[in-house]
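K.L.:
Provided below for reference: sequence and predicted model.
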Amino acid sequence: MKQAYFEIIENTHLNSLIMKMVLKGDTSGVKAGQFVNIKIDGLFLRRPISVCEINGDLLTIIYKIVGRGTEEMSKMEKGTVLDLLTNLGNGYDLSLSGETPLLIGGGVGVPPMFELAKELIASGKKVTVILGFNTKAEIFYEKEFENLGAKVIVTTVDGSYGVKGFVTDAMKDLEYSFFYTCGPEPMLKAVHKSSVTDGELSFEERMGCGFGACMGCSCKTLTGYKRICKEGPVLKKGEILW
Amino acid sequence: MVNTKVNLLGIELDNPVIPASGTFGYGYEFSKLYDINILGTFSFKGTTKDARFGNPTPRIAECTSGMINAVGLQNPGVDKVISEELPRLKKCFNKKVMANVSGFSVEDYAYTCERLDKEEQVGWLEVNVSCPNVHGGGMSFGTQPSAAAEVTKAVKKVTTKPVIIKLSPNVTDIVSIAKACEDAGADGISLINTLLGMRIDLNRKKPVIKNVMGGFSGSAIFPVALRMVYQVASAVKIPVVGMGGVASAEDVIEMMLAGATAVEVGAQNLVNPYACRDIIADLPRVMEKYKINSLSEIIGEARV
């Protein structure tokens, strides 16, 4: 864990509820699948948000406006300096990917797939990405994933764009060496069930500190009690207790 | 040069700042952030006879200037604390540590305290008779003077180190409970634990916390904590450790003026992992500003 100050370079809407924030600061050692914990004026607890991309000293996060914290964040202006805890959580293990990894992101679970896809492609892997949304208006980052060189499949629950249905409907006919996923828990459970290889799943929980001190976000696994913020948020397929 | 030293039950502390139990783990995680030997001491994670997972999640909720937790005493149990956590702590902390203990029966408390009392690095036993998160367990001991006294007596019988009883604010008369503990042989009192609170999620229209209620802490509770520290310190002759919403060197000094010999810092560690380091660094400046030469001389000075 590191504490550092970051300056907001960009804070813009990707669609009505999804925002992209680009922050400038010390990004050294930040890994795909980790998160940052952001201090917000007027709120007591920090807000944990997953890392979408690292590019030199720029760190991108993509967040959905759902409560007071993200609402405050959506109003922040360019140039504002934020107090962040970074390098939090374990992140994905890229060494497990095999040659043809499948990445599955659902809704605000899409962003952490981006840095992961970028790094896997850079190391020569053939990456397929499934991006799941409810409807066409919610879709973001399809082009960005394509520009990385990933094969991109978009699913929408209402069929307004791409494959109609859930991410698992798009998984059925694919061949892959390993899977990585992040999204709402029902989606993770469905992906876990329909997957045919090993994989890593990233979980979410309400956190107190985000760095392992308060035990607020613990969960039970087949390999013992784990703190989502410390031993997680990424858990292995074989250790998850639903 | 100002003097920040205080003496807590026979052990001299370099300063009165003590990270509170449940916000500092068993220490070594914070030792990666700063040298924790600058602390007065710290109170380690509430330890029980057997290992506990605690309550179901969500266990955390945001509040105005504070938070609610319903962790429910997650800890590896006293055996593992002694065999794994304390050896690890010894490598990064060379001072006496405060052992925080919880239980579900008088026998539990006595057993766990007796085990920890034998550990060389343990300087004090802080006996939590006040955790609000355990159904039908710990809470009842802290809400009745007779039960609190019974735990105190049982622990004192099997231990040699100073026993500090940590009290709940969720009672009608905290002074009577503090006095009952003093009469039963307690060496010190610490207070306050968290205030029972709750939040409701407007989207789901259900409680945020899975356990419905939890312990409210953070800056918002400071005035309530200060008042109770004042009341108890005025009524007992044994030392009092004050806590509840402490977030600055100014808060530490207020607590001491109210009668606290040492001061614990809790929730603030979770939002600023460097909180205690920052408070300790700021103490001399604030002491000079208010013309305080020695912290030990201001204990209880606010009493009227």
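P.N.:
Okay, I see it.
K.L.:
From the centroid of chain A, which residue is nearest?
P.N.:
Central residue of chain A (Cα atoms, centre = their mean): A:Pro112, 2.7 Å from the mean position.
K.L.:
Now that residue. Nearest residue, chain neighbours left out?
P.N.:
Distances taken as Cβ to Cβ, 6 or more residues apart in numbering or on different chains place A:Ser50 nearest to A:Pro112, at 4.4 Å, with adjacent residues excluded. Quick note: C-beta positions are derived from backbone N, CA and C, even for glycine.
K.L.:
need the contact list for that neighbour.
P.N.:
Shown in contact with A:Ser50 (Cβ atoms under 8 Å, 6 or more residues apart in numbering or on different chains): A:Gly33, A:Gln34, A:Phe35, A:Ile61, A:Val108, A:Pro111, A:Pro112, A:Cys182, A:Ser202, A:Pro233.
K.L.:
Tell me which of these fall in strands.
P.N.:
A:Phe35, A:Ile61, A:Cys182, A:Ser202 (DSSP state E).
K.L.:
who wins for most neighbours among those residues?
P.N.:
Using other Cβ atoms under 10 Å in any protein chain shown as the neighbour criterion, A:Cys182 leads the ones in strands among the contacts of A:Ser50 with 29 neighbours.
K.L.:
isn't that residue right next to A:Ala117, touching?
P.N.:
No. In this structure, A:Cys182 is not within contact of A:Ala117 by Cβ atoms under 8 Å, at 11.9 Å.
K.L.:
Quickly list what's touching both of these two.
P.N.:
With Cβ under 8 Å, 6+ apart, A:Cys182 and A:Ala117 have no common neighbours.
K.L.:
Flag the shaky bits of chain B, pLDDT-wise.
P.N.:
B:131-139 (pLDDT under 70).
K.L.:
swap the cut-off to 90 and go again
P.N.:
B:1, B:28-29, B:104-105, B:130-144, B:203 (pLDDT under 90).
K.L.:
can you check chain A too?
P.N.:
A:173, A:242.
K.L.:
Can you name every helix or strand that the biggest helix by length in chain A contacts?
P.N.:
With secondary structure taken from DSSP state H, chain A has its longest helix at helix A:111-122. Using 3 or more Cβ pairs under 8 Å, 6 or more residues apart in numbering or on different chains; DSSP states H and E, the elements in contact with helix A:111-122 are strand A:53-55, strand A:58-64, strand A:102-106, strand A:128-133, helix A:142-148, strand A:179-182.
K.L.:
Strands of the stretch 1-150 of chain B, start to end?
P.N.:
B:6-8, B:11-13, B:17-19, B:60-63, B:66-69, B:97-101, B:122-128 (DSSP state E, counting those that start in this stretch).
K.L.:
now the ones you listed as JSON lines including distance to chain A?
P.N.:
Listed next are the strands of the stretch 1-150 of chain B as JSON lines, based on distance: least, Cβ to the nearest Cβ, whole Å:
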{"stretch": "strand B:6-8", "distance to chain A": "23"}
{"stretch": "strand B:11-13", "distance to chain A": "22"}
{"stretch": "strand B:17-19", "distance to chain A": "9"}
{"stretch": "strand B:60-63", "distance to chain A": "4"}
{"stretch": "strand B:66-69", "distance to chain A": "5"}
{"stretch": "strand B:97-101", "distance to chain A": "13"}
{"stretch": "strand B:122-128", "distance to chain A": "15"}
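K.L.:
Output these as TSV; include the columns mean neighbour count.
P.N.:
Output for the strands of the stretch 1-150 of chain B, formatted as TSV (neighbours: other Cβ atoms under 10 Å in any protein chain shown):
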stretch	mean neighbour count
strand B:6-8	20
strand B:11-13	16
strand B:17-19	27
strand B:60-63	22
strand B:66-69	26
strand B:97-101	28
strand B:122-128	25
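K.L.:
picking that back up, closest one of the contacts of A:Ser50 to A:Met1?
P.N.:
Of all the contacts of A:Ser50, A:Met1 sits closest to A:Gln34, with 10.0 Å by Cβ to Cβ.
K.L.:
residues contacting the closest one?
P.N.:
A:Ser50, A:Val51, A:Thr86, A:Asn87, A:Leu88, A:Gly89, A:Asn90, A:Gly91.
K.L.:
burial measure for B:Lys49, as a count.
P.N.:
Neighbour tally, B:Lys49, other Cβ under 10 Å: 20.
K.L.:
To clarify, my last question referred to B:Thr261.
P.N.:
24.
K.L.:
Then B:Phe104?
P.N.:
18.
K.L.:
Relative to B:Ile292, how far out is it?
P.N.:
43 Å (Cβ to Cβ, to the nearest Å).
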